[in-house]
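Trainee: okay, here's the prediction I keep looking at, along with the sequence it came from:
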Amino acid sequence: MTKIENGTWVLIADGEKALFMVNEADGEDPFLQVFREEEQENPPNRDQAANRRGRFNDGPSVHRSAVDDTDWHQLSKDRFASELADILYKQAHKGRFDKIILVAPPNTLGELRHEMHKEVADKVVGEIPKTLTNHPIEEIENIVKSTLETA
């Protein structure tokens, strides 16, 4: 069971939006305050792709195969995770937090882990693979608390 101590940061993120929160309670129930928000414009892939899918010949035959275009939407989500990892590294390096809980969908969480510097990774005290970016803060507090209590 992980207790959310006073001063613990909680990062609520998905591939397009992030809420940086800090727990300001000493008791059993967390009291999370948002102190920073990050958001990126990331329209659907169909709005970002410039061309139709390509085709190429399969050698000397008349057969042609389709080639998938780059998924710009997913690429943008991955870059956002990298940007978040950079922000966390800079803040950890300045000594702004000692402990952090990461809450993000599994893909974003994996990308964050991959991009995260060791200095930040050493401060991670909990991970919750859920999408909570559009939930009210009170609901986030309850979900984070109950998930960490059962972990």
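Mentor: Received the coordinates, thanks.

Trainee: ok, Lys17 to Thr133 distance?
Mentor: According to Cβ to Cβ, to the nearest Å, Lys17 stands 5 Å off from Thr133. Where C-beta positions appear, they are placed from N, C-alpha and C, glycine not excepted.

Trainee: among those two, which residue is more densely surrounded?
Mentor: Shown here are Lys17 and Thr133; by other Cβ atoms under 10 Å, Thr133 has more neighbours (20 against 16).

Trainee: helix or strand for the more buried one, which one?
Mentor: Using DSSP states H and E, Thr133 sits in no helix or strand.

Trainee: how about Asp86?
Mentor: For Asp86, the element it lies in under DSSP H and E is helix 72-93.

Trainee: and that helix, what does it pack against?
Mentor: If you count contacts as 3 or more Cβ pairs under 8 Å, 6 or more residues apart in numbering; DSSP states H and E, helix 72-93 packs onto strand 9-13, strand 17-23, strand 32-39, helix 45-48, helix 106-115, helix 118-121.

Trainee: deepest-packed of those, please.
Mentor: Counting by mean count of other Cβ atoms under 10 Å, strand 9-13 has the highest mean neighbour count of those, with a mean of 24.

Trainee: mean confidence score for that strand?
Mentor: In this model, strand 9-13 carries a mean pLDDT of 97.

Trainee: tell me the strands beside it, with direction?
Mentor: strand 17-23 (antiparallel), strand 100-103 (parallel) (DSSP bridges).

Trainee: export stretch 120-130 as PDB, just CAs?
Mentor: The C-alpha trace of stretch 120-130 is given here as PDB (Å, rounded to 0.1, in the frame of the first residue of the first chain):
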ATOM      1  CA  VAL A 120      13.000  11.000 -12.300                       C
ATOM      2  CA  ALA A 121      12.500   7.200 -12.400                       C
ATOM      3  CA  ASP A 122      14.100   6.900  -9.000                       C
ATOM      4  CA  LYS A 123      11.400   9.300  -7.600                       C
ATOM      5  CA  VAL A 124       8.400   7.300  -9.000                       C
ATOM      6  CA  VAL A 125       6.500   5.800  -6.100                       C
ATOM      7  CA  GLY A 126       3.400   4.600  -8.000                       C
ATOM      8  CA  GLU A 127       2.000   4.100 -11.500                       C
ATOM      9  CA  ILE A 128      -1.600   3.900 -12.500                       C
ATOM     10  CA  PRO A 129      -2.400   2.800 -16.000                       C
ATOM     11  CA  LYS A 130      -5.700   4.800 -16.500                       C
END
